[in-house]
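Colleague: Return a 3D structure for these sequence lines:
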Amino acid sequence: MADFDDELDATGLNCPLPILRAKKALNGLEAGKVLRIIATDPGSVKDFEAFAKQTGNELMSSTEEDGKFMFLMRKGG
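Modeller: As a prediction, the model looks like this:
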């Protein structure tokens, strides 16, 4: 079983599109649900850290593998 409830593929998108798409995806989730985001923009690492602090969503993990950045974010509420 996956450790996330929904997934957003933001590969090939540059700032601010990964954040904007993640915000929209999180809006569609219930509080406590986890969104997995995959991005290729290196700037997305700092962007998602800031996004979590500003929105009250929890950035559970941030990893990089083969040029892809993967984030697990739990919707606050």
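
Colleague: what pairs with the residue nearest to the spatial centre of the chain across the strands?
Modeller: Nearest residue to the geometric centre of the chain (CA atoms, centre = their mean): residue 37, 4.1 Å. In this structure, residue 37 bridges to residue 8, residue 71 when assessed by DSSP bridges.

Colleague: and it, what is it in contact with?
Modeller: Applying CB atoms under 8 Å, 6 or more residues apart in numbering, one finds that residue 37 lies in contact with 7, 8, 10, 18, 22, 25, 44, 48, 70, 71, 72, 73. Bear in mind the C-beta positions are built from the backbone N, C-alpha and C, glycine included.

Colleague: could you redo the last one with a cut-off of 6 Å?
Modeller: Taking CB atoms under 6 Å, 6 or more residues apart in numbering as the contact definition, residue 37 lies against 8, 10, 22, 71.

Colleague: and these as TSV, adding pLDDT and distance to residue 53?
Modeller: Rendered in TSV, the data for the contacts of residue 37 read as follows (pLDDT from 0 to 100; distance: CB to CB, whole Å):
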residue	pLDDT	distance to residue 53
8	98	19
10	98	19
22	98	14
71	98	14
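
Colleague: Most neighbours of all those residues, which one?
Modeller: Neighbours here mean other CB atoms under 10 Å. Within those, the largest count is held by residue 71, at 26 neighbours.

Colleague: Assess the claim that that one and residue 49 are in contact.
Modeller: No - the pair residue 71 / residue 49 is not scored as a contact, 9.3 Å apart, by CB atoms under 6 Å.

Colleague: for the chain, what spans make up the helices?
Modeller: Residue ranges of the helices in the chain, as given by DSSP state H, are 17-27, 44-55.
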